[in-house]
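Visitor: missing the sequence, but the structure's below:
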């Protein structure tokens, strides 16, 4: 895979991931309101789960575009650290430091835990004797 | 419709920028520690803080400029998924101190630099 092909795969994946993140945040705002950043929390947890799953699958069944498109591109674009920082800061600025702390304390273990669960699910799936080997 | 296009375009550019910087830092400082992810998240938070001060927090609907730059470009540039995967990897490979340092550095730098960026925008009284 040439360098420009890798960059293209990352760009397309990240563009798609960002689009989905925007759609999820719009949907979360419509369904749950904008008091708490449910959308960002959801994409970051779901994206961490997905990267754990994809990375484990990629080591078990490597394909060349998996890494740049799915792992670096899609998962990277789908999740966002900058928005997480802004929302935490915004809580503090709005005089709600307790919510900032809750957001932080809930996010970190969920991100890391989701990646671990995704990794474990991919490995157990591949270990299952009835699963179809590619 | 236009807003989705702006987010996708910004996200594609941001993701490629993240990829370029991660590759560069991995080449320069090795892959023992995820310097690239730490750098993009810290610098992305700084830029986001500056844009927050300049454009204002979009409580009721975001402007085109916010969608392109913050939601798209910086959203695609920064990443939580790689941070989670790499922290987990460090932990699993017995580098629990490095994993802990990565967590603390990411959160501390992210929040502090977002605040610094906000201060630099000069929007405070």
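Guide: That came in fine, so what should we check first? Computed from a prediction, not measured in an experiment: that's the story for all the values here. Numbering: from 1, shown residues only, chains lettered A, B, ... in the order given.
Visitor: Chain B: helices as residue ranges?
Guide: Along chain B, counting by DSSP state H, helices occupy B:2-29, B:35-55, B:64-66, B:75-77, B:81-92, B:96-120.
Visitor: which helices and strands does the fourth one pack with?
Guide: In terms of contact count using 3 or more Cβ pairs under 8 Å, 6 or more residues apart in numbering or on different chains; DSSP states H and E, helix B:75-77 is assigned the packing partners helix A:3-32, helix A:76-78, helix A:82-93, helix B:2-29. Every C-beta, even on glycine, is put in place using the N, C-alpha and C of the backbone.
Visitor: Of all those helices, which one comes closest to residue A:67?
Guide: helix A:3-32 (8.4 Å; Cβ to Cβ).
Visitor: pLDDT on the helix or strand that that closest one is followed by, on average?
Guide: With elements assigned by DSSP states H and E, the helix or strand that comes after helix A:3-32 is helix A:38-60. Mean pLDDT, helix A:38-60: 95.
Visitor: and the helices of chain B as JSON lines, adding distance to residue A:97, mean neighbour count and mean pLDDT?
Guide: Shown next, in JSON lines, are the helices of chain B (distance: least, Cβ to Cβ, whole Å; neighbours: other Cβ atoms under 10 Å in any protein chain shown; pLDDT from 0 to 100):
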{"stretch": "helix B:2-29", "distance to residue A:97": "30", "mean neighbour count": "20", "mean pLDDT": "97"}
{"stretch": "helix B:35-55", "distance to residue A:97": "17", "mean neighbour count": "23", "mean pLDDT": "96"}
{"stretch": "helix B:64-66", "distance to residue A:97": "25", "mean neighbour count": "14", "mean pLDDT": "94"}
{"stretch": "helix B:75-77", "distance to residue A:97": "25", "mean neighbour count": "34", "mean pLDDT": "97"}
{"stretch": "helix B:81-92", "distance to residue A:97": "24", "mean neighbour count": "24", "mean pLDDT": "97"}
{"stretch": "helix B:96-120", "distance to residue A:97": "12", "mean neighbour count": "18", "mean pLDDT": "97"}
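Visitor: Need those in a markdown table (columns: distance to residue A:66).
Guide: Formatted as a markdown table, the helices of chain B follow (distance: least, Cβ to Cβ, whole Å):
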| stretch | distance to residue A:66 |
| --- | --- |
| helix B:2-29 | 15 |
| helix B:35-55 | 19 |
| helix B:64-66 | 32 |
| helix B:75-77 | 19 |
| helix B:81-92 | 14 |
| helix B:96-120 | 24 |
